[in-house]
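Engineer: Any chance you can model this:
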Amino acid sequence: MNITPIFPLPIGRVYNFITPKERLHLLKHIKSIPHFPNGAIEGDGSSTFDNPPNLLDRNIKDRLQLAVDEFTDMYGNIPTKIVNIWSNIQNAGSRLKEHVHPDSIISGALYINVDQSCKLYVHNPNPYIEFSTKSKDTPYNYDNVSIDVENGELILFPSWLRHGNLSVINEMDERIVVSFNSCPK
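Structural biologist: Below you'll find the model as predicted:
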């Protein structure tokens, strides 16, 4: 039988988006700035979301915007501009709640300090997936999918895509991610 996959979901990935030297510089910088509790993180974690500092230099910001432009064009959306950038630090035992990024078109995560236990969890946007009576997991009936991430990697996704997973406990200290949103230009 032929299967026609419809409604594919794009996730953009750029491995080694930043150099090891840039990553270490960002790691040091992020650890030096104040982070505060944030409702998206449960447990020992903090964020600069409510008071975002100037995290990235112009070169990295420009490269991020180029990646967003490429992703937006491939996705078929109107052009967007990065409007806010923040960092999250999670320690062992914390959890990232399931959430979306309202009032944005494309969102992204740049992984600064992660280990092999770290993943990005994204959830099936099909609201009727629970009505599936599955005999096995396939790409057509997953409730959620985990994506292995690595230091220096950039991941882009539609802002409406629910991500995070309260049932997954972060295993490492200083899991650091720079996140951002983009809106129409």
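
Engineer: Which parts of this protein are helices?
Structural biologist: Per DSSP state H, the chain carries helices over the ranges 20-32, 58-75.

Engineer: pLDDT score assigned to the nearest residue to residue 79 once chain neighbours are set aside?
Structural biologist: Leaving out its chain neighbours, the residue that sits closest to residue 79 by C-beta to C-beta, 6 or more residues apart in numbering is residue 185, at 4.7 Å. Bear in mind the C-beta positions are built from the backbone N, C-alpha and C, glycine included. Per-residue pLDDT puts residue 185 at 90.

Engineer: Make residue 1 into 882 and carry on from there
Structural biologist: Yes, from this point I'll number from 882; that puts the last item at residue 1066.

Engineer: How much space separates residue 1066 from residue 925?
Structural biologist: Using C-beta to C-beta, to the nearest Å, residue 1066 is found at 38 Å from residue 925.

Engineer: How many residues are close by residue 917?
Structural biologist: Residues contacting residue 917 under the criterion other C-beta atoms under 10 Å number 10.

Engineer: what's across from it in the sheet?
Structural biologist: Beta bridges link residue 917 to residue 928, judged by DSSP bridges.

Engineer: what's near enough to touch it?
Structural biologist: 927-929, 931-932 (C-beta atoms under 8 Å, 6 or more residues apart in numbering).
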